[in-house]
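J.: sequence first, predicted model second:
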Amino acid sequence: MLLAIDVGNTRIKAAVFEDNTLLEVIIFTQDFFLPKVDFILQQYPKINTLVIASVGNLNPNDVKSFENKVKIEFITPESKFPFQNRYATPKTLGIDRMVLASGAALQFPHQNRLVIDAGTCITYDFVDENNHYLGGAISPGIRLRYESLHQFTAKLPLLNQSYPKNFIGNSTDESIHSGVIIGLLHEIEGFVKQYSDQYAKFIIILTGGDADFLAKRLKNTIFANSNFLLESLNQTFQYNQK
């Protein structure tokens with residue numbers, strides 16, 4: 001059994017796998033890394049490998065504390081990936097984006113793939129049918145959009161995520177919701193339109209914490225899977241073992 005851990009900008013997502021079967025997903029903050037991982041290992045004593053991909057500031061000493069219990073593997077830019085990286089600045093490409101591209105290449109072979117990860121940031125990553133990673137885009141996620149409107153203005157309130165009743169906001173709150181949520185939906189659909197203008201056929205994979213919220217409101221046919229990064233992390237590890 002394997003424990004895959006994705007250390008993000010704001011939280012940690014962990015998943016227990018038996019081969020390619022996902023058994024459980026646990027979400028927590030970095031403050032609880034030690035007790036949460038220890039608890040998971042107690043609950044699943046057959047776990048023998050801990051696989052980590054991190055874009056956050058994970059304390060290396062916390063990880064080392066589990067060395068006597070499980071084998072620890074980090075997925076890094078130096079790991080093997082099932083695509084050719086055509087990014088102009090490969091050393092700046094986040095490991096989370098690399099893992100997502102890897103999962104897209106492994107799960108959907110011989111296709112053009114667009115992976116949209118709706119988390120703290122919205123990332124767009126494109127892998128063509130020849131397994132060339134071409135790049136994509138980065139923009140603020142839903143929470144960042146709400147927070148920036150509040151922090152960088154004098155009077156706009158900080159609101160919780162909510163789908164507006166009408167795209168024409170008839171109050172300040174509704175105008176913010178319209179700008180943030182409907183604005184993001186237009187952004188995603190606009191990017192999809194640009195890709196479709198250049199590539200006749202491609203699959204869209206939507207993942208991240210806001211994937212389910214966005215999926216039901218997007219017009220385009222997509223494959224929505226909020227755990228796609230964790231599954232991709234497990235598959236990338238298996239790919240490296242081979």
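T.: Ah, there it is.
J.: so what's Gln235 up against?
T.: By Cβ atoms under 8 Å, 6 or more residues apart in numbering, the contact set of Gln235 is Asn20, Ser102, Gly103, Leu106, Gln107. To be clear about C-beta, it is placed using only N, CA and C from the backbone, and glycine gets the same treatment.
J.: quick one: mean pLDDT over the one helix or strand Phe213 maps to.
T.: For Phe213, the element it lies in under DSSP states H and E is helix 211-215. For helix 211-215, mean pLDDT is 93.
J.: that older thread, farthest pair in the contacts of Gln235?
T.: Using Cβ to Cβ, the pair of these lying farthest apart is Asn20 and Ser102, separated by 14.2 Å.
J.: quick one, which of these two is more surrounded?
T.: Legend: neighbour count by other Cβ atoms under 10 Å for Asn20 and Ser102, higher for Ser102 (27 against 10).
J.: surely the more buried one is within a strand?
T.: No - using DSSP: H, G, I helix; E, B strand; the rest coil, the assignment for Ser102 is helix, not a strand.
J.: now the nearest residue to it once chain neighbours are set aside, what's its secondary structure?
T.: For Ser102, ignoring the flanking residues on the chain, the nearest one in space by Cβ to Cβ, 6 or more residues apart in numbering is Thr236 at 4.5 Å. Taking three-state DSSP as the rule, one finds Thr236 in the helix state.
J.: tell me how many other residues crowd Thr236.
T.: Residues within reach of Thr236, counting by other Cβ under 10 Å, total 27.
J.: next, the contact list for it, please.
T.: Taking Cβ under 8 Å, 6+ apart, we find Thr236 in contact with Ile75, Ser79, Phe81, Val99, Ser102, Gly103, Leu106.
J.: check Val55 too.
T.: Counted by Cβ under 8 Å, 6+ apart, Val55 has contacts Val7, Gly8, Asn9, Gly94, Ile95, Asp96.
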